[in-house]
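A.B. asks: when you get a sec, could you give me coordinates for this:
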Amino acid sequence: MVIKVINNEFHTVRGYQLLEQNKSVLTSAMEDYLEMIYRNSIKEGYIRINTLAELLNVKAASASRMVQKLGILGLLIYKKYGIILLSESGKEIGEYLLKRHHIIEDFLKLLGCEDDLLQQTELMEHNLNPF
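C.D. replies: Numbering: from 1, shown residues only. All right, here's what the predicted structure looks like:
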């Protein structure tokens with residue numbers, strides 16, 4: 001285990017997570033939604049709530065609430081019972097999130113961690129400093 005020192009003060013892993021949490025506007029869950037919306041937008045240009053919920057294994061109501069939050073942040077355009085489109089800033093962040101995912105996934109493959117590759121990638125990607 002590597003211990004990171006900030007201003008000569010040690011913290012627990014949870015302590016570092018709490019410090020980082022206050023610096024970011026996007027939560028890990030928001031990042032997951034944006035990444036999935038971006039993934040689907042590459043193929044189809046848009047996504048619907050039901051498709052998003054199915055891809056992330058959540059209920060449509062949960063997906064709808066998160067889409068509303070991301071819309072308030074200006075990251076996507078959503079009309080009730082309609083399609084979800086990414087804004088320009090949403091596309092930029094989504095592209096970054098997907099690239100980050102692929103880089104971590106490729107790194108883990110190099111280390112030989114292929115049994116639970118998706119799970120390890122998902123858990124690691126949210127613990128990196130953004131941009």
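A.B. asks: please make it C-alpha for all contacts and neighbour counts, starting now.
C.D. replies: OK.
A.B. asks: could you pick out the longest helix of this structure?
C.D. replies: helix 88-110 (DSSP state H).
A.B. asks: now the next helix or strand after it: buried residues?
C.D. replies: Later in the chain than helix 88-110, the nearest helix or strand by DSSP states H and E is helix 117-125. Buried residues in helix 117-125, defined by neighbour count with 16 or more other CA atoms under 10 Å: 121, 125.
A.B. asks: now stretch 70-84
C.D. replies: 70-71, 75-78, 84.
A.B. asks: in TSV, list those along with secondary structure and pLDDT.
C.D. replies: Compiled in TSV, these are given as follows (DSSP: H, G, I helix; E, B strand; the rest coil; pLDDT from 0 to 100):
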residue	secondary structure	pLDDT
70	helix	95
71	helix	94
75	coil	95
76	strand	95
77	strand	93
78	strand	87
84	strand	95
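A.B. asks: closest to residue 97 out of the residues you listed?
C.D. replies: residue 75 (13.3 Å; CA to CA).
A.B. asks: so what's the closest one up against?
C.D. replies: Applying CA atoms under 8 Å, 6 or more residues apart in numbering, we find residue 75 in contact with 86-91.
A.B. asks: separate out the buried members of those residues.
C.D. replies: The buried subset of the contacts of residue 75 (16+ other CA under 10 Å) comprises 86, 90-91.
A.B. asks: send the alpha carbons of stretch 94-112 over as CSV?
C.D. replies: Output in CSV follows, covering the C-alpha atoms of stretch 94-112 (Å, rounded to 0.1, in the frame of the first residue of the first chain):
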residue,chain,number,x,y,z
GLY,A,94,-17.5,11.9,-21.7
GLU,A,95,-14.7,11.4,-24.2
TYR,A,96,-12.2,12.0,-21.4
LEU,A,97,-14.0,9.5,-19.1
LEU,A,98,-14.0,6.8,-21.8
LYS,A,99,-10.4,7.3,-22.7
ARG,A,100,-9.5,7.1,-19.0
HIS,A,101,-11.5,3.8,-18.8
HIS,A,102,-9.6,2.3,-21.7
ILE,A,103,-6.2,3.4,-20.4
ILE,A,104,-6.8,1.8,-17.0
GLU,A,105,-8.3,-1.3,-18.6
ASP,A,106,-5.2,-1.7,-20.9
PHE,A,107,-2.9,-1.2,-17.9
LEU,A,108,-4.6,-3.9,-15.9
LYS,A,109,-4.4,-6.2,-18.9
LEU,A,110,-0.7,-5.7,-19.0
LEU,A,111,-0.5,-6.6,-15.3
GLY,A,112,-2.5,-9.8,-16.1
